[in-house]
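Undergrad: Sharing a sequence plus its predicted fold:
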Protein chains: 4
Amino acid sequence: MQQRSWGCQDETVRFVWRIVHGVTPPPDPHRRNEQSRQAIVQAAVELCGEVGFDKTTVEAIAARAGVGKQTIYRWWPSKAAVLLEFMKDLRSSRADFPDTGDLRTDLRTQNAALVNLFGSRGGVVWRGLIAAAQSDPVAAAGVREVIDEAVADCSARLAKAVNAGQLRADVDLELVVELVYGPLYHAYLLRPDRIAGWRPEEALDALFSGLQPR
Amino acid sequence: MQQRSWGCQDETVRFVWRIVHGVTPPPDPHRRNEQSRQAIVQAAVELCGEVGFDKTTVEAIAARAGVGKQTIYRWWPSKAAVLLEFMKDLRSSRADFPDTGDLRTDLRTQNAALVNLFGSRGGVVWRGLIAAAQSDPVAAAGVREVIDEAVADCSARLAKAVNAGQLRADVDLELVVELVYGPLYHAYLLRPDRIAGWRPEEALDALFSGLQPR
Amino acid sequence: MQQRSWGCQDETVRFVWRIVHGVTPPPDPHRRNEQSRQAIVQAAVELCGEVGFDKTTVEAIAARAGVGKQTIYRWWPSKAAVLLEFMKDLRSSRADFPDTGDLRTDLRTQNAALVNLFGSRGGVVWRGLIAAAQSDPVAAAGVREVIDEAVADCSARLAKAVNAGQLRADVDLELVVELVYGPLYHAYLLRPDRIAGWRPEEALDALFSGLQPR
Amino acid sequence: MQQRSWGCQDETVRFVWRIVHGVTPPPDPHRRNEQSRQAIVQAAVELCGEVGFDKTTVEAIAARAGVGKQTIYRWWPSKAAVLLEFMKDLRSSRADFPDTGDLRTDLRTQNAALVNLFGSRGGVVWRGLIAAAQSDPVAAAGVREVIDEAVADCSARLAKAVNAGQLRADVDLELVVELVYGPLYHAYLLRPDRIAGWRPEEALDALFSGLQPR
DNA sequence: TACTAAGCGAGACGGTACGTCGTGTCTTATG
DNA sequence: CATAAGACACGACGTACCGTCTCGCTTAGTA
């Protein structure tokens, strides 16, 4: 099971928590009802797909999952945290960053996968989480974590490409990641109807060849 | 005063509205209290800066502006609409897209201005509006309008650059715009702490030279 | 309409309130929706009769009255306050303390009326309010007010009887009131099944003749 | 140990229970942890004294007694039952109804003892139980039991007084009990500030002499 | 002396109601 | 007739307890 920053598993950690914060430690994950956990996450995702992130209320999640509201609040600080758990599961269930040896191919594959995600139910969730992250620190931290992992994965692939002589060595890799994903996110968040017709290879071609006239 | 798609000015339009919807037409803009209008927009922006977009409630705006809630709802469908008015005013108050003759310089200037905006009070508003746009159609339409104008402005500048031989002619200009602004928005919305150290020229250099090793 | 200690009517009072408490004054009773007020009180009383005082929740009152919970909380601090309003209305709608000239007759009449009340829907409400008064200061104050009025009414009648030579002059009238009503309340609250067969004349006879053997 | 109607001791009864109800028999009192029992009752009483009957929650009792909630629910159906146990213990720890030979003296003594109780921590508990009894059948039964015992004790004393020619023989003794205790309970429950200055002899004098002018 | 069944502490669980906040609409009185 | 003020019906919030349940653990009484 993945790590979570709230609701910690380790006994020692819980004890320290008790000392440091002087108050009630988070609940004991050993006693957690796994069935409820899954029902909650699933209900949240379904509702998100049906009525959208904003209208997905904690109350509705609890009702659909057949769960008390408190059970949600016991383990997650907000609905955003619930849905982040879904996004993290989603990410970890996906294959690692592809590595066929050819960078352009791999980036195209990965970009296409993202376009795919954006168009799926996960895309609705992710869109909502990014929106929430603009004001809710918990959501922000979670989104950032997901993004940072993705950036790290991509950076690692880019580093290999630099060694293989397939990529300029004099550009900050984090910036390259942003050059690669930025346009896609720009469309996703600001001009969503452009996602449907998105052609990864077109953007990557321009990006690799550069915008200067030859 | 700028056009607005809700609260229409034209007498004929109002009459048609009356017929189609059967009842109350939108209010008569001639009788509108300009002082209230300004107070509302200003209050909204200030609150946004002080407590953030999310906690900026219509009630708080009304209270701070010394205005009845109804006066807000009479002229705007939501707080997002109020703040969109601010963003539009902001945009129109700025100079047009710069044109010194050198595309790279102009893009850098423009990008820097955007970085600047992102760091200002307007950046808080804009961030909130983009978030709202992910679920609220009104906000989405408004944001889209602002973005489309900006894209159009930039595209126009790019077209001139193509003619001047400063830009590849075989790439879709809208995509170029996304290549130019995407990385910046990616940082703004997903990794906000990167904005502070953003160096437009670095991104533009990579973009123009391309990522292929030389 | 009767005075209420919360939700005051007088403009001056409201102003002073604002000064003294430094905060939001109670709402303006001029704008109060009389229909809602009545619906709320009626719903509360009906629910009390149907499910008992304890299970009469503010939420259920609001639902049955077709009213928002806030509308209840705006005007009353608790359900007890709502039901106290009913009890006060009930009391003021009743005739004054009877005065036929004969004290024993009047006390019997009045006692019988109370037995009657105890057996009616009002008896359920009153029982609940007395129970609530044992821990809730608001209820306590309200119940006390009702009781004090009743005691005062009875005392006044007793005073007349003293003058008419129908009652010992050397006993504290408040104590006499308690001697008259105490047994009845003792039965009502502690041995409720005794109320059904209560015979006011029996108690009054013993009380007036005294317990000493002749 | 005193009898309790729930949590039965007899093996046969437990067996029948098992048959009739199909399942779990009530727990075996032989294995009961006496320490826990006492801790629970004590915690309940202390909390009652500190925060009042209403705010004395089962959770708080369990926490203060260092006991699991289930241990409370295993042996008592509600907090009222716990506190009734305290009241019953209290009653049985007191001496029997006094009998000096002079009824008036004994009643005064007993009344004074009650005034005393009302002013003590037990008075808070008792008040809460009487309140609870107005809606909770378990509390009602328990309170009634306590009251009935007290009434029986007093009645017995009164019967002796009748034989001794100290009391009218033609009045129902239960009514006499109510005449004696009613005024005191009236004050206790409806006008509590009158308890502090309560003078048993005054009430008893009026009661015995009668209210008729001489 | 081990086995087993029960009571125990702890506390997670599905619920219900709480009292508060904000929404968008409606009403009242003022200019 | 637009306005400031604010009451209204509604819906969701996050919290407190309810009474039930499930966990390991201790602790008897039985094998």
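TA: Alright, I've got the coordinates.

Undergrad: Can you report how many residues lie near the closest residue in space to A:F53 that isn't next to it in sequence?
TA: Excluding the flanking residues, the one nearest A:F53 by CB to CB, 6 or more residues apart in numbering or on different chains is A:G128, at 2.4 Å. Every residue, glycine included, has its C-beta placed from N, CA and C. The tally of other residues near A:G128 (other CB atoms under 10 Å in any protein chain shown) stands at 22.

Undergrad: ditto for the one 3 residues further on
TA: With neighbours defined by other CB under 10 Å, the count for A:A131 comes to 26.

Undergrad: quick one: contacts for the residue nearest to A:F53?
TA: With contact set as CB atoms under 8 Å, 6 or more residues apart in numbering or on different chains, A:G128 has these partners: A:48, A:52-54, A:56, A:80, A:83, B:134-135.

Undergrad: helix or strand for it, which one?
TA: A:G128 is part of helix A:121-133 when elements are defined by DSSP states H and E.

Undergrad: With A:R144 instead?
TA: Per DSSP H and E, A:R144 falls inside helix A:137-163.

Undergrad: and that helix, what other elements does it pack with?
TA: helix A:79-93, helix A:103-119, helix A:121-133, helix A:173-190, helix B:173-190 (3 or more CB pairs under 8 Å, 6 or more residues apart in numbering or on different chains; DSSP states H and E).

Undergrad: Could you work out which of those reaches nearest to D:N116?
TA: Nearest to D:N116 among the helices and strands packed on helix A:137-163 is helix A:79-93 (56.7 Å), distances taken as CB to CB.

Undergrad: wait, does that closest one contact DNA strand F?
TA: Yes: applying CB under 7 Å from any atom of the strand, one finds helix A:79-93 touching DNA strand F at A:K79.

Undergrad: That helix near chain B anywhere?
TA: No: counting by CB under 8 Å from any CB of the partner chain, chain B has no neighbours in helix A:79-93; the shortest distance is 12.0 Å.

Undergrad: Next: stretch A:30-49.
TA: No: shown here: stretch A:30-49 not in contact with chain B (CB under 8 Å from any CB), separated by at least 10.4 Å.

Undergrad: Can you tell me the closest non-neighbouring residue to A:P200?
TA: Nearest non-adjacent residue to A:P200, counting by CB to CB, 6+ apart: A:N111, 3.7 Å away.

Undergrad: Pull the number of nearby residues for that neighbour.
TA: When neighbours are defined as other CB under 10 Å, A:N111 has 20 of them.

Undergrad: what about chain A, any weak spots by pLDDT?
TA: Scanning chain A for pLDDT under 70 picks out A:1-26.

Undergrad: Most proximal residue of it with respect to DNA strand E?
TA: At 2.7 Å from DNA strand E, A:G68 is the closest residue in chain A, using CB to the nearest atom of the strand.

Undergrad: Report the contact partners of the nearest residue to that residue once chain neighbours are set aside.
TA: Of all residues not flanking A:G68 in the chain, A:A62 sits nearest, at 6.3 Å (CB to CB, 6+ apart). Taking CB under 8 Å, 6+ apart, we find A:A62 in contact with A:40, A:68-69, A:71-72.

Undergrad: neighbouring contacts of stretch A:145-157?
TA: With contact meaning CB under 8 Å, 6+ apart, stretch A:145-157 is reached by A:84, A:87-88, A:91, A:96-99, A:103, A:106, A:110, A:173-174, A:176-177, A:180-181, B:190-191.

Undergrad: buried residues in the helix or strand A:A60 falls within?
TA: Using DSSP H and E, A:A60 sits in helix A:58-65. Across helix A:58-65, burial judged by 16 or more other CB atoms under 10 Å in any protein chain shown covers A:58, A:60-62, A:64-65.

Undergrad: would you put the C-alpha positions of that helix in CSV?
TA: Extracted C-alpha coordinates of helix A:58-65, given in CSV (Å, rounded to 0.1, in the frame of the first residue of the first chain):
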residue,chain,number,x,y,z
VAL,A,58,-18.6,14.6,1.1
GLU,A,59,-22.2,13.9,2.1
ALA,A,60,-23.0,12.4,-1.2
ILE,A,61,-19.9,10.3,-1.2
ALA,A,62,-20.7,8.9,2.2
ALA,A,63,-24.3,8.2,1.2
ARG,A,64,-23.3,6.4,-2.0
ALA,A,65,-20.5,4.4,-0.3
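
Undergrad: okay, the angle between that helix and helix A:79-93?
TA: Interaxial angle of helix A:58-65 relative to helix A:79-93 (axes from the mean of the first three to the mean of the last three CA atoms, to 10 degrees): 50 degrees.

Undergrad: Tell me which residues touch the closest residue to A:A60 other than its chain neighbours, please.
TA: Spatial nearest neighbour of A:A60, excluding adjacent residues (CB to CB, 6+ apart): A:L47 at 5.7 Å. The contact partners of A:L47, by CB under 8 Å, 6+ apart, come to A:55-56, A:60-61, A:64.

Undergrad: now those in CSV, with distance to D:A203?
TA: Compiled in CSV, the contacts of A:L47 are given as follows (distance: CB to CB, whole Å):
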residue, distance to D:A203
A:K55, 66
A:T56, 66
A:A60, 61
A:I61, 62
A:R64, 63
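
Undergrad: Which of those sits closest to chain D?
TA: Chain D has its nearest neighbour among those in A:I61, at 25.7 Å by CB to the nearest CB.

Undergrad: Which single one of the buried residues of helix A:58-65 is nearest to D:P213?
TA: A:A62 (71.0 Å).

Undergrad: gap between that closest one and A:W75?
TA: Distance from A:A62 to A:W75, counting by CB to CB, to the nearest Å: 12 Å.

Undergrad: so how far is A:V67 from the residue nearest to A:F53?
TA: 21 Å.

Undergrad: same thing with A:A95?
TA: Taken as CB to CB, the span from A:A95 to A:V67 is 32 Å.

Undergrad: neighbour count winner among these two?
TA: Counted by other CB under 10 Å, A:A95 and A:V67 do not tie: A:V67 has more neighbours, with 18 against 8.

Undergrad: Figure out the helix or strand that the more buried one lives in.
TA: Per DSSP H and E: nothing holds A:V67, as it lies in no helix or strand.

Undergrad: The one 4 residues further on now?
TA: Using DSSP H and E, A:T71 falls within helix A:69-75.

Undergrad: and that helix with DNA strand F, contact?
TA: Yes: Helix A:69-75 lies within reach of DNA strand F by CB under 7 Å from any atom of the strand, at A:69-70, A:73.

Undergrad: give the contact list for the residue in chain A that chain B sits nearest to.
TA: Proximity of chain A to chain B (CB to the nearest CB) peaks at A:G210, 2.6 Å away. A:G210 is in contact with B:168, B:207-212, counting by CB under 8 Å, 6+ apart.

Undergrad: before we move on, what about A:G101?
TA: So A:G101 contacts A:A164 (CB under 8 Å, 6+ apart).

Undergrad: for it, phi and psi?
TA: Dihedral angles of A:G101 (phi, psi; degrees, to the nearest 10) stand at phi 100, psi -30.

Undergrad: Roughly how far does the residue nearest the centre of chain A sit from D:I40?
TA: In chain A, the centroid-proximal residue (CA atoms, centre = their mean) is A:V146; its distance is 4.1 Å. A:V146 sits 49 Å away from D:I40, going by CB to CB.

Undergrad: go on, A:S92?
TA: 48 Å.

Undergrad: Between those two, point out the one with more neighbours.
TA: Taking other CB under 10 Å, A:S92 and D:I40 do not tie; D:I40 has more neighbours (25 against 9).

Undergrad: Isn't that one up against D:R64?
TA: No: if you go by CB atoms under 8 Å, D:I40 and D:R64 don't touch, sitting 9.0 Å apart.

Undergrad: Excluding chain neighbours, what is closest to the closest residue to chain C within chain A?
TA: Residue of chain A nearest chain C, by CB to the nearest CB: A:E59 (14.0 Å). Closest residue to A:E59 in three dimensions, ignoring its sequence neighbours and counting by CB to CB, 6+ apart: A:K69, at 6.4 Å.
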